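Student: Sequence and predicted structure, then a few things I'm wondering about:
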Amino acid sequence: MSHAAPPLSVLSPCCPPLNERPLTAGEAERTAAMFKALGDPVRLRLFSAVASHENGEACVCDISDVGVSQPTVSHHLKKLRDAGLLTSQRRGTWVFYRVEPSVLAAMRQMLGRY
(Lines give C-alpha, C1' and ligand atoms only; values in the text may rest on other atoms or scores of the structure.)
Protein backbone atom coordinates (compact mmCIF):
# COMPACT_ATOMS: atom_id res chain seq x y z
CA MET A 1 0.00 0.00 0.00
CA SER A 2 1.48 3.36 -1.01
CA HIS A 3 0.80 6.58 0.75
CA ALA A 4 1.15 10.14 -0.45
CA ALA A 5 3.84 12.25 1.11
CA PRO A 6 2.60 15.38 2.87
CA PRO A 7 2.65 18.46 0.62
CA LEU A 8 6.03 20.15 0.42
CA SER A 9 4.51 23.52 1.32
CA VAL A 10 3.35 22.12 4.67
CA LEU A 11 6.87 20.94 5.44
CA SER A 12 8.89 23.92 4.24
CA PRO A 13 11.70 23.93 4.45
CA CYS A 14 11.59 20.20 3.96
CA CYS A 15 15.17 19.18 3.83
CA PRO A 16 18.73 20.26 4.41
CA PRO A 17 20.90 20.99 1.39
CA LEU A 18 21.70 17.72 -0.38
CA ASN A 19 25.42 18.30 0.11
CA GLU A 20 25.08 18.89 3.87
CA ARG A 21 24.19 15.37 5.07
CA PRO A 22 22.34 12.28 3.88
CA LEU A 23 18.55 12.65 3.85
CA THR A 24 16.43 10.76 6.35
CA ALA A 25 13.83 8.35 5.00
CA GLY A 26 11.05 10.90 5.54
CA GLU A 27 13.01 13.71 3.89
CA ALA A 28 13.78 11.45 0.94
CA GLU A 29 10.07 10.59 0.53
CA ARG A 30 9.06 14.24 0.51
CA THR A 31 11.86 15.21 -1.86
CA ALA A 32 11.10 12.31 -4.21
CA ALA A 33 7.41 13.36 -4.34
CA MET A 34 8.46 16.84 -5.42
CA PHE A 35 10.87 15.56 -8.06
CA LYS A 36 8.30 13.02 -9.28
CA ALA A 37 5.73 15.78 -9.75
CA LEU A 38 8.27 17.89 -11.64
CA GLY A 39 9.60 14.88 -13.58
CA ASP A 40 7.00 15.21 -16.32
CA PRO A 41 7.84 17.79 -19.03
CA VAL A 42 4.28 19.16 -19.16
CA ARG A 43 4.13 19.57 -15.38
CA LEU A 44 7.55 21.21 -15.34
CA ARG A 45 6.40 23.66 -18.04
CA LEU A 46 3.21 24.43 -16.12
CA PHE A 47 5.11 24.94 -12.85
CA SER A 48 7.59 27.21 -14.64
CA ALA A 49 4.78 29.16 -16.31
CA VAL A 50 3.13 29.84 -12.95
CA ALA A 51 6.42 30.58 -11.13
CA SER A 52 7.59 33.02 -13.83
CA HIS A 53 4.22 34.73 -14.27
CA GLU A 54 3.73 38.18 -12.79
CA ASN A 55 3.52 37.92 -8.98
CA GLY A 56 4.04 34.14 -9.18
CA GLU A 57 0.34 33.64 -9.95
CA ALA A 58 -1.36 32.73 -13.21
CA CYS A 59 -4.86 32.07 -14.46
CA VAL A 60 -5.25 28.66 -16.03
CA CYS A 61 -6.30 30.53 -19.18
CA ASP A 62 -2.79 32.04 -19.38
CA ILE A 63 -0.78 28.82 -18.99
CA SER A 64 -2.78 26.09 -20.72
CA ASP A 65 -0.97 26.31 -24.08
CA VAL A 66 1.51 23.50 -23.44
CA GLY A 67 0.59 21.22 -26.32
CA VAL A 68 -1.95 18.99 -24.55
CA SER A 69 -5.73 19.08 -24.15
CA GLN A 70 -7.39 21.11 -21.40
CA PRO A 71 -8.41 18.00 -19.41
CA THR A 72 -4.77 16.88 -19.49
CA VAL A 73 -3.64 20.32 -18.29
CA SER A 74 -6.12 20.02 -15.40
CA HIS A 75 -4.76 16.56 -14.55
CA HIS A 76 -1.18 17.84 -14.44
CA LEU A 77 -2.12 20.90 -12.37
CA LYS A 78 -3.85 18.58 -9.90
CA LYS A 79 -0.66 16.50 -9.60
CA LEU A 80 1.32 19.68 -8.86
CA ARG A 81 -1.26 20.74 -6.24
CA ASP A 82 -1.25 17.27 -4.67
CA ALA A 83 2.55 17.45 -4.36
CA GLY A 84 2.19 20.80 -2.57
CA LEU A 85 4.00 22.70 -5.31
CA LEU A 86 1.01 24.84 -6.34
CA THR A 87 -2.03 26.27 -4.63
CA SER A 88 -5.19 27.29 -6.44
CA GLN A 89 -8.08 29.66 -5.97
CA ARG A 90 -11.27 29.92 -7.99
CA ARG A 91 -12.29 33.45 -8.98
CA GLY A 92 -15.51 33.47 -10.91
CA THR A 93 -15.16 30.99 -13.74
CA TRP A 94 -11.34 30.91 -13.71
CA VAL A 95 -8.88 29.13 -11.46
CA PHE A 96 -5.68 30.92 -10.51
CA TYR A 97 -2.55 29.01 -9.53
CA ARG A 98 0.25 30.21 -7.30
CA VAL A 99 3.66 28.93 -6.32
CA GLU A 100 4.02 29.73 -2.66
CA PRO A 101 7.29 31.53 -1.90
CA SER A 102 7.97 28.95 0.84
CA VAL A 103 8.01 26.20 -1.81
CA LEU A 104 10.64 27.99 -3.88
CA ALA A 105 12.65 28.76 -0.73
CA ALA A 106 12.54 25.09 0.30
CA MET A 107 13.66 24.02 -3.18
CA ARG A 108 16.54 26.52 -3.14
CA GLN A 109 17.61 25.39 0.34
CA MET A 110 17.46 21.72 -0.55
CA LEU A 111 19.47 22.08 -3.75
CA GLY A 112 21.98 24.33 -2.03
CA ARG A 113 24.81 25.84 -3.97
CA TYR A 114 27.05 23.47 -5.84
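Tutor: Perfect, thanks for sending it. Residues are numbered from 1 along each chain as shown.

Student: what's the nearest residue to Thr87 once chain neighbours are set aside in contact with, if anything?
Tutor: Setting aside the residues directly before and after it, Thr87 is nearest to Arg98 in space (Cβ to Cβ, 6 or more residues apart in numbering), at 5.1 Å. (Glycine included, C-beta is placed from N, CA and C.) If you count contacts by Cβ atoms under 8 Å, 6 or more residues apart in numbering, Arg98 has them with 50, 56-57, 86-89.

Student: repeat that for 6 Å
Tutor: By Cβ atoms under 6 Å, 6 or more residues apart in numbering, the residues touching Arg98 are 56-57, 87.

Student: And those, which is closest to Leu111?
Tutor: Of all the contacts of Arg98, Gly56 has the smallest distance to Leu111: 18.4 Å, by Cβ to Cβ.

Student: Isn't that closest one up against Tyr97?
Tutor: No. In this structure Gly56 lies outside contact range of Tyr97 using Cβ atoms under 6 Å: 9.4 Å.

Student: neighbour count winner among the two?
Tutor: Here Gly56 and Tyr97 are compared on neighbour count by other Cβ atoms under 10 Å; more neighbours surround Tyr97, at 25 against 15.

Student: Tell me if the more buried one really is in a strand.
Tutor: Yes. According to DSSP: H, G, I helix; E, B strand; the rest coil, Tyr97 belongs to a strand.

Student: Pull up the gap between it and Met34, please.
Tutor: Applying Cβ to Cβ, to the nearest Å, the value for Tyr97 to Met34 is 16 Å.

Student: tell me what the helix or strand harbouring Leu77 is packed against?
Tutor: Leu77 belongs to helix 70-82 when assigned by DSSP states H and E. Taking 3 or more Cβ pairs under 6 Å, 6 or more residues apart in numbering; DSSP states H and E as contact, the helices and strands that helix 70-82 lies on are helix 41-52.
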